[in-house]
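> Predicted model follows, preceded by the sequence.
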Amino acid sequence: MKEDREKDDLKTEHMMDLWDILSRGGVLKKAEVAEKFNTHTRTVSRYFVDIRRHLEKKNMETGLRQQLIYDRDKKVYRIENLENSMISPGELLGVGKILIASRAFHKKELESLLSRLLQTAVCQTGQEDVRKYMNHELFDYRDPKHEEPDMEELWKITGAINNHHILRFLYKGIGAAKETPREVKPEGMVFSEYYFYVIASPVEAEDSGEENTRIYRVDRMKHIEDTGEGFDVAYSKRLREGAFKNSIQFMYRGDMQQVQFIYTGPSLEAVLDRLPTARAEVNQGGGYLITDMIQGDGILMWLLSQGSKVEVLRPESLRRKWIEEAEKIVEMGKKK
């Protein structure tokens with residue numbers, strides 16, 4: 001009886017070892033497995049039969065359609081179609097590069113995050129190459145100056161948004177001397193230009209009859225508390241985070257306005273990637289006439305970055321600011 005239990009335990013241990021390798025995209029040779037487990041190749045064959053049966057049962061339950069096959073060319077066993085349920089090395093390399101370029105995380109946290117993604121989301125056979133490529137870029141990575149986001153805090157904020165709960169926190173805005181307490185009704189959360197932001201309405205604004213949605217940088221929010229106190233949101237007024245990102249630049253809030261400018265630079269695609277809802281028409285005087293509906297004057301920062309490749313046409317208030325900033329730059333150059 002005891003010997004039977006020991007045999008069953010040993011078989012279970014062997015099966016788990018084999019499954020761990022195969023489920024991660026690894027391959028197995030019958031002779032090598034037999035040598036590793038100090039057992040006969042016939043026993044290993046029975047292990048593979050059991051794995052096939054397990055996959056058949058799993059396929060019926062999940063529809064993944066995975067199967068254990070014997071690759072006669074390489075003389076190895078592997079699970080086929082595993083890539084359908086896992087990220088490919090190329091996909092993770094792309095995700096990794098985006099994470100690195102976002103500069104949202106400090107290097108230590110970024111390395112840990114990418115390492116865990118490699119171990120759990122990519123087939124074993126592609127892990128080392130992806131790790132090597134990403135490490136080349138991480139070597140020269142420098143920590144951003146802002147505090148890195150706390151993922152648990154982001155999850156807490158998301159829960160408050162979904163459940164329509166009031167958030168309470170301390171906040172220190174840019175240039176502020178100290179932190180001040182805030183209570184807000186969170187509407188959504190977005191990531192833009194290195195930072196996570198919460199879009200929310202202050203509770204005191206509702207008490208005073210004002211409509212005043214504001215933007216808070218998450219790394220400046222301290223001691224965040226989901227109060228559990230609910231608030232009502234009309235379905236028609238719920239924030240659509242994707243649409244919000246399309247209509248705002250550099251997270252500067254303000255009135256919605258129609259912006260028009262002429263672009264004469266080399267890459268229209270770059271403009272339309274920056275302004276995904278913009279309309280471009282060929283301009284008779286050369287270049288393109290770009291028209292878009294944009295919130296606030298954050299777009300001015302991007303327009304100025306284009307130098308002489310753009311001419312702002314409207315609104316008149318934005319055109320004046322664009323000309324004034326350009327004149328200041330010229331005057332600064334003249335002084336030197």
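Okay, I see it.
> Using PDB, write out the CA atom coordinates for the helix or strand where residue 43 lies.
Under the criterion of DSSP states H and E, residue 43 resides in helix 41-62. What follows is helix 41-62, C-alpha atoms only, in PDB (Å, rounded to 0.1, in the frame of the first residue of the first chain):
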ATOM      1  CA  THR A  41      11.200   4.800 -22.000                       C
ATOM      2  CA  ARG A  42       8.000   2.700 -22.000                       C
ATOM      3  CA  THR A  43       7.100   4.500 -18.700                       C
ATOM      4  CA  VAL A  44       7.800   7.900 -20.400                       C
ATOM      5  CA  SER A  45       5.500   6.800 -23.300                       C
ATOM      6  CA  ARG A  46       2.700   6.200 -20.900                       C
ATOM      7  CA  TYR A  47       3.300   9.700 -19.400                       C
ATOM      8  CA  PHE A  48       2.800  11.200 -22.900                       C
ATOM      9  CA  VAL A  49      -0.300   9.200 -23.400                       C
ATOM     10  CA  ASP A  50      -1.700  10.600 -20.200                       C
ATOM     11  CA  ILE A  51      -0.800  14.100 -21.200                       C
ATOM     12  CA  ARG A  52      -2.600  13.600 -24.600                       C
ATOM     13  CA  ARG A  53      -5.700  12.500 -22.700                       C
ATOM     14  CA  HIS A  54      -5.500  15.500 -20.500                       C
ATOM     15  CA  LEU A  55      -5.300  17.800 -23.500                       C
ATOM     16  CA  GLU A  56      -8.300  16.100 -25.200                       C
ATOM     17  CA  LYS A  57     -10.400  16.700 -22.100                       C
ATOM     18  CA  LYS A  58      -9.100  20.300 -21.800                       C
ATOM     19  CA  ASN A  59      -9.900  20.900 -25.400                       C
ATOM     20  CA  MET A  60     -13.500  19.800 -24.900                       C
ATOM     21  CA  GLU A  61     -13.800  22.200 -22.000                       C
ATOM     22  CA  THR A  62     -12.000  25.300 -23.400                       C
END
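> Could you give the average pLDDT over it?
Mean pLDDT, helix 41-62: 85.
> what residues does that helix touch?
With C-beta atoms under 8 Å, 6 or more residues apart in numbering as the contact definition, helix 41-62 has outside contacts at 11, 14-15, 18-19, 22, 30-31, 33-34, 37, 64-68, 77, 79. (Glycine included, C-beta is placed from N, CA and C.)
> Tell me which residue is most central in the chain.
residue 99 (7.0 Å; C-alpha atoms, centre = their mean).
> Surely it is within a helix?
Yes - under DSSP: H, G, I helix; E, B strand; the rest coil, residue 99 sits within a helix.
> which residue packs closest to residue 213, ignoring adjacent ones?
Spatial nearest neighbour of residue 213, chain neighbours left out: residue 201 (5.2 Å); criterion: C-beta to C-beta, 6 or more residues apart in numbering.
> meant to ask about residue 259
In this structure, residue 259 finds its nearest non-sequential neighbour in residue 294, 4.9 Å apart by C-beta to C-beta, 6+ apart.
> What's the mean pLDDT across the strand of greatest length in the chain?
Taking DSSP state E as the criterion, the chain has its longest strand at strand 180-192. What strand 180-192 shows for mean pLDDT is 91.
> just stretch 22-38 next, same as before
Per-residue scores along stretch 22-38 average to 88.
> Pull out the buried residues from that stretch.
By neighbour count on 16 or more other C-beta atoms under 10 Å, the buried set for stretch 22-38 is 22, 23, 24, 25, 26, 27, 28, 30, 33, 34, 37.
> measure the third one to residue 95 for me?
Same thing as residue 24. 18 Å (C-beta to C-beta, to the nearest Å).
> Quick one: end-to-end distance for stretch 306-324.
Counting by C-alpha to C-alpha, to the nearest Å, you get 15 Å between the two ends of stretch 306-324.
> coming back round to it: now do the buried residues in the helix holding residue 43.
Those would be 44, 47, 48, 51, 55, for helix 41-62 by 16+ other C-beta under 10 Å.
> is it possible to export those residues to JSON lines including distance to residue 313?
Formatted as JSON lines, these follow (distance: C-beta to C-beta, whole Å):
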{"residue": "44", "distance to residue 313": "75"}
{"residue": "47", "distance to residue 313": "73"}
{"residue": "48", "distance to residue 313": "71"}
{"residue": "51", "distance to residue 313": "67"}
{"residue": "55", "distance to residue 313": "63"}
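> Extract the residue ranges of the stretch 151-300 of the chain that are flagged as low pLDDT.
205-211, 235-237, 245, 250 (pLDDT under 70).
> Setting the sequence-adjacent residues aside, check what's closest to residue 184.
Closest to residue 184 by C-beta to C-beta, 6+ apart is residue 200, at 3.7 Å.
> I misspoke; the intended subject was residue 187.
Closest residue to residue 187 apart from its sequence neighbours, by C-beta to C-beta, 6+ apart: residue 239 at 4.0 Å.
> Just give me the neighbour total for the nearest residue to residue 27 once chain neighbours are set aside.
Residue nearest to residue 27 in three dimensions, not counting chain neighbours: residue 76, with 3.9 Å by C-beta to C-beta, 6+ apart. The tally of other residues near residue 76 (other C-beta atoms under 10 Å) stands at 15.
> quick one, phi psi at residue 76?
Per-residue torsions, residue 76: phi -140, psi 160 (degrees, to the nearest 10).
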